[in-house]
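*Asks:* Using only what follows, build the 3D model:
(chains A and B)
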Amino acid sequence: MRQLILEAVPESYNRYIRRKIWIILLTILTTFLLAVYAINAGSAGLSVKDVVKTLVGQGEERFRIIVWNIRMPRILSAMMAGVGLSVAGCVTQSILRNPLASPFTLGISQGAAFGAAVAIILFGAGSTTNPDSVIINNPYLVVIFAFLGSMGSTVVVLMLAKNFRVTPEAMVLAGVALGSLFSAITMILQYFADDVKVASIVFWTFGDLGRASWRDLTIMSVVVGISLIYFMLNRWNYNALDSGEETAKGLGVEVEKIRLYGMFMSSLVAAVITSFVGIIGFVGLVGPHIMRRLIGEDHRFLIPASSAIGALILLASDTLGRTIISPIVLPVGAITSFLGAPVFLYVLSRGYRR
Amino acid sequence: MILNIDGIEFSYTSVPVLRNVKFHLEKGEFLSILGNNGAGKSTLLKCINRILKPHKGTIYIEKDEISKLSRVEIAKKIGYVAQRNENGRFTVFDAVLLGRKPYIKWDITEKDIKIVNEVLKKFDLEKLALRYLNELSGGELQKVVIARALAQQPVVMLLDEPTNNLDLKNQIEVLKIIKETVKEQNIAAIVIIHDLNLALRFSDKFLLLKDNTIFAYGGMEVMTEENIEAVYGIPVAVETCRGVPVVIPL
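*Replies:* Prediction:
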């Protein structure tokens, strides 16, 4: 923070920078407050006092299991998946110069879901004990297949962008087509799977945060963490790209390389998240757009801001899904789509302006 | 010699866009590239800073051959202002700061800020420093993108139609700033321009492109009625009005 506030800069500019930092900090704070509420909320009848006691290691055994084995992994997964999807959306929007880009709208998530389904159904990487959950026996195999699936969409989108110089609209249309294609193949796969597997995978295609274990969460955190570092290292490149492709080249940016690596990273993040929590749409689209309106397009701040708002949106959606008609848990993917579709339409109506 | 271009050839498909383009530029020179639409003006500019890679020929900037430099090294020597520029939610200050991109390792330094402040002052943009680009007028935005290129501290500036969409006052103002900068900092500028009167007024040298190659290259002496008519395909008169050379289509 200190290096961002420089002496030679006009004070008004420093105020402007401080305002951005405050918005980011406020978003993070809200997320943590919501997280405390989310640990507390639900059908188990925990009080805030129970939660605090359990968190400092003094709670009853029953509460300890609920908090540490059920609520915490779920809440942290929501935050981590939110961070990953939102930051991937933020970066794809910049590198493809397309305001409607996100892992979901480009078909990357659906590709990942297809890959994961192949690993689980055809290669036995997962097993099911009841219709509500798939237990992933071999997370690495699932992640690798999910990544291959997501790369399928990524490669097609990149080729369209590079070789045919398609318009932003066409890129997203291609993504929608790819998403449908992968969803269709996933459906056909399910047709040949047994009933229990089908039931669980159908639920999974809506996105379900209750499935992630501590081990899955660790893998997700590592990948999202690495991607965040990579994206932050390239923040000036993304700023340059926002000024136009030729201007970026004139500023010394290796546009093709940055685009390829950025898409690769975004696909990896989306693939890992999708493997563990299923398809969660619109977070990657909505998060960055909210923050663009609040703090502008400077990626020095937009990347951390998008991460923070992504965590907040997904945690809020999941908490809403768990509590609105408790004890029934609505799939989080349905909630985010419900909230995200209007924003998508809003962005469209504003004519692709970023 | 600051820039030496020797035998550049380029084509997008099998049809050549540039054939055997050859010229050089000295420090402190302002060169206008003139020619009809499709003559290859923009392509030539993009070949010079390797946004496009010429199929043949060599380009030397100072003592370095361009094809042997990395993109960042080129960006430290050549500032490029594209024909179309984005105007998103970046402040004027941040947009000009982006000109320091080739020099930024992890984060900006006091030196970067100092240079940005100087450039903003030169262009009289200080009051607009915190305005978003999409709130600026066409003339203001044009000044910002030229300021960004100057913040790169280049030895050669390439400007693709910098006076496009500007009113009379801004046209003169923008070209004046470019001209002054070229003289003060002893660098060179290559400007694509459609307005022959503005070109005559500000340029030291002229490069007339026709049929994808150089038709004429030199100082005021090449701006004859015959040459201009041959390049643009309409008859013109070149006169002097109160000491200012003007071209009048007949």
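*Asks:* can you pull the contacts of the residue nearest the centre of chain B?
*Replies:* By C-alpha atoms, centre = their mean, the mean C-alpha position of chain B lies nearest to B:Leu159, the distance being 2.1 Å. Contacts were defined as C-beta atoms under 8 Å, 6 or more residues apart in numbering or on different chains; by that measure B:Leu159 touches B:81, B:146, B:149, B:178, B:189-192. C-beta: built from backbone N, CA, C; applies to glycine.
*Asks:* That one should be in a strand, yeah?
*Replies:* Yes: assessed by DSSP: H, G, I helix; E, B strand; the rest coil, B:Leu159 belongs to a strand.
*Asks:* Distance of it relative to chain A?
*Replies:* From B:Leu159 over to chain A the distance is 11 Å, taken as C-beta to the nearest C-beta, to the nearest Å.
*Asks:* how close does that residue sit to A:Ala177?
*Replies:* Here the criterion is C-beta to C-beta, to the nearest Å. By it, B:Leu159 lies 41 Å from A:Ala177.
*Asks:* Please pull up the helix or strand immediately following the strand or helix carrying A:Lys53.
*Replies:* Assigned by DSSP states H and E, A:Lys53 belongs to helix A:48-55. Secondary structure here is assigned by DSSP H and E; on that basis, the next helix or strand after helix A:48-55 toward the C-terminus is helix A:61-65.
*Asks:* ok now that next one, how far from the chain's centre?
*Replies:* Computed by C-alpha atoms, centre = their mean, to the nearest Å, the chain-centroid distance of helix A:61-65 equals 30 Å.
*Asks:* other SSEs contacting that helix?
*Replies:* Packed against helix A:61-65 by the contact rule (3 or more C-beta pairs under 8 Å, 6 or more residues apart in numbering or on different chains; DSSP states H and E) you find helix A:48-55.
*Asks:* and the helix it packs on, average pLDDT?
*Replies:* For helix A:48-55, the per-residue pLDDT values average out at 78.
*Asks:* Next: stretch A:250-258.
*Replies:* Along stretch A:250-258, the predicted local confidence has a mean pLDDT of 92.
*Asks:* Give me the buried positions along that stretch.
*Replies:* Applying a neighbour-count criterion of 16 or more other C-beta atoms under 10 Å in any protein chain shown, the buried positions in stretch A:250-258 are A:250-253, A:255, A:258.
*Asks:* Could you list every helix and strand in contact with the helix or strand containing B:Lys114?
*Replies:* Following DSSP H and E, one finds B:Lys114 within helix B:110-122. Of the remaining helices and strands, those touching helix B:110-122 by 3+ C-beta pairs under 8 Å, 6+ apart are helix B:92-97, helix B:138-151.
*Asks:* Show me which residues of it are buried.
*Replies:* For helix B:110-122, a neighbour-count test (16+ other C-beta under 10 Å) marks B:112-113, B:115-117, B:119-120, B:122 as buried.
*Asks:* Let's verify the most far-flung residue of chain B relative to its centre: helix, strand, or coil?
*Replies:* Relative to the C-alpha centroid of chain B, counting by C-alpha atoms, centre = their mean, B:Trp106 is the outermost residue, at 29.4 Å. Reducing the assignment to helix, strand or coil with three-state DSSP, the entry for B:Trp106 is coil.
*Asks:* confidence score at it?
*Replies:* Looking at B:Trp106 specifically, the model assigns a pLDDT of 84.
*Asks:* so who does it touch?
*Replies:* Remark: with contacts taken as C-beta under 8 Å, 6+ apart, B:Trp106 is in contact with nothing.
*Asks:* Next up, phi/psi of it, please.
*Replies:* Per-residue torsions, B:Trp106: phi -100, psi -50 (degrees, to the nearest 10).
*Asks:* I'd like the mean pLDDT over the helix ranked longest in chain B, please.
*Replies:* When chain B is scanned for its longest helix (criterion: DSSP state H), the result is helix B:168-184. Helix B:168-184 shows an average pLDDT of 92 in the prediction.
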